[in-house]
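1. Give me coordinates for this.
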Amino acid sequence: MAAAAAMSQVVSMKVVVGGLQALPVQTSLRKLGGGAAPLRVVKNNCSPRLITSIAGRRSVRCQAGEGGRGGPFADVKRSVDESTKQEITKDDILRNQETNESEKKSVFGAKPTSGSFYPRPELERRPETGSKSFWSVFAFDGAAPETINCRLAMLGFVWAVVAEKMTGLTVLEQLFSPGSTGLVYFVGAIQLLTYASLVPIMNGESTDARSFGPFTAKAERWNGRLAMIGFFSLIVTELFTHTAVFH
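-> Numbering: from 1, shown residues only. You can find the predicted model right below:
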């Protein structure tokens, strides 16, 4: 039986990136006997890959990013992850549990016990290795409460200082004065920051996994704790003085 003759040619094609953008490319097409043929993308803005095309087609669907998934921002996300993210493994957490004195007892002096309500071992309360249920994440020693409260306090304190300088109103007057929109913005900020903080936690990533220059998890915790104390002190002081501290 005679073998089918093989021939090669270069054709012009369009690659649809994520279904949103058509890009002209040059493609080396090798047809074997007129049937299905391997098609190699030689030049485009997607990751090079070997795909299968039916002979005669002049467009192929392609997505940017590793493995063709994630859309056009996958490469950007991967670059950010490589420069800011540190992988925290189960072995790292177990090693810290054994050597860190603060992990051997809680602030109340109790020893962490597996399966207890509080305190729990680090392995059970961290999002990398523990449960990601609502009750676990928002427990007293969970990953969410301090992270969210610290971020809200930092935002609230800066917001209060700027608003008091501009309006001369105290924090409570900004929130509850007739016609004031402060309460609306405050509720919106809570929703936005809570959602933004929960996304990485539910994906199994704690704040300790990210750092960029001086922006480390330790710096965020200390700044957030100081902001919580400062914001609470500001409100109490203004309740007694009835005037804006920063006006």
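
2. measure residue 184 to residue 191 for me?
-> 11 Å (C-beta to C-beta, to the nearest Å). (C-beta placed from N, C-alpha, C; glycine too.)

3. any idea how far residue 194 lies from residue 76?
-> Taking C-beta to C-beta, one finds residue 194 at 25 Å from residue 76.

4. Have a look at these two and say which one is more surrounded.
-> The neighbour comparison of residue 194 against residue 76 (other C-beta atoms under 10 Å) goes to residue 194, with 15 against 12.

5. a helix runs through residue 229, doesn't it?
-> Yes - the assignment for residue 229 is a helix, going by DSSP: H, G, I helix; E, B strand; the rest coil.

6. pretty sure residue 180 contacts residue 173?
-> Yes - at 7.3 Å, residue 180 counts as touching residue 173 under the criterion of C-beta atoms under 8 Å.

7. Name the residue in those two with the higher neighbour count.
-> residue 173 (17 against 14).

8. Now do the contacts for that one.
-> 180, 244 (C-beta atoms under 8 Å, 6 or more residues apart in numbering).

9. just the helices in this protein please.
-> 74-84, 90-99, 122-125, 134-137, 144-167, 171-176, 182-202, 217-241 (DSSP state H).

10. Could you measure from the residue nearest to the spatial centre of the chain over to residue 187?
-> With distances taken as C-alpha atoms, centre = their mean, residue 200 lies nearest the centre of the chain, 4.4 Å away. Shown here: residue 200 relative to residue 187, a distance of 23 Å by C-beta to C-beta.

11. In this structure, where is pLDDT below threshold?
-> For the chain, the stretches with pLDDT under 70 are 1-72.

12. Give me the distance between stretch 118-135 and the centre of its chain.
-> Chain-centre distance of stretch 118-135: 19 Å, with C-alpha atoms, centre = their mean, to the nearest Å.

13. Contacts made by it with the rest, please.
-> The contact list for stretch 118-135 (C-beta under 8 Å, 6+ apart) reads 88-90, 93-94, 96-97, 103, 105-106, 108, 110-115, 136-137, 139-143, 200-206, 209.

14. one more time with 6 Å, if that's ok
-> With C-beta atoms under 6 Å, 6 or more residues apart in numbering as the contact definition, stretch 118-135 has outside contacts at 88, 90, 93, 97, 103, 106, 110, 112, 114, 140-141, 143, 201-202, 204, 206.

15. Go through the helices of the chain and pick out the most buried.
-> helix 122-125 (a mean of 19; mean count of other C-beta atoms under 10 Å).
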